[in-house]
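Build the 3D model from these lines:
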Amino acid sequence: MAKLRASLHSRVHKWIDKVGFSLNSQSSKDNVTTKHYFFETFNLIEKEKQDDPAKSKYLCFDVYGEKIPVRSLLDLQSAFFDNLSKLK
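Take a look at the predicted model:
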């Protein structure tokens, strides 16, 4: 399971870089770094333990501000493209 989580972390970050997300803010507290990424109207929050990035947790928000937990890259991509389709 740890290998799957590590690969999720790397796949999410590769995808974020390809799409062109911007890092809006970053803060650290109690060995947990919280990063806020955005692209147009789509927001993504990442909470990463400094000693174990493989256990990062992701949360994104849809057009209406509803929380969407991200358990896979497909969850993230689906929420992202759904968000973009509602902008038109």
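
which helix is the longest one in the protein?
helix 2-19 (DSSP state H).

That one packs against which elements?
strand 42-49, strand 52-61, helix 73-85 (3 or more C-beta pairs under 8 Å, 6 or more residues apart in numbering; DSSP states H and E). All C-beta atoms are positioned from the backbone trio N, CA, C, and that covers glycine.

try 6 Å
Helix 2-19 sits against strand 52-61, with contacts defined as 3 or more C-beta pairs under 6 Å, 6 or more residues apart in numbering; DSSP states H and E.

The strand it packs on pairs with which strands?
Strand pairing for strand 52-61, determined by DSSP bridges: strand 42-49 (antiparallel), strand 67-70 (antiparallel).

Between helix 2-19 and the longest one, find me the angle.
This means strand 42-49. 140 degrees (axes from the mean of the first three to the mean of the last three C-alpha atoms, to 10 degrees).

in this protein, which segments are predicted with low confidence?
Applying pLDDT under 70 to the chain flags residues 1-6, 88.

which one of the strands paired with strand 52-61 lies closest to residue 8?
Minimum separation from residue 8 across the strands paired with strand 52-61 (C-beta to C-beta) falls at strand 67-70, 8.8 Å.

which SS class is residue 65?
Classification of residue 65 using DSSP: H, G, I helix; E, B strand; the rest coil returns coil.

Kindly list the main-chain dihedrals of it?
With angles defined as degrees, to the nearest 10, residue 65 sits at phi 90, psi 10.

Same list as before, the strands paired with strand 52-61 that is, but in CSV and with mean neighbour count and distance to residue 76 included.
Shown next, in CSV, are the strands paired with strand 52-61 (neighbours: other C-beta atoms under 10 Å; distance: least, C-beta to C-beta, whole Å):
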stretch, mean neighbour count, distance to residue 76
strand 42-49, 18, 7
strand 67-70, 15, 5
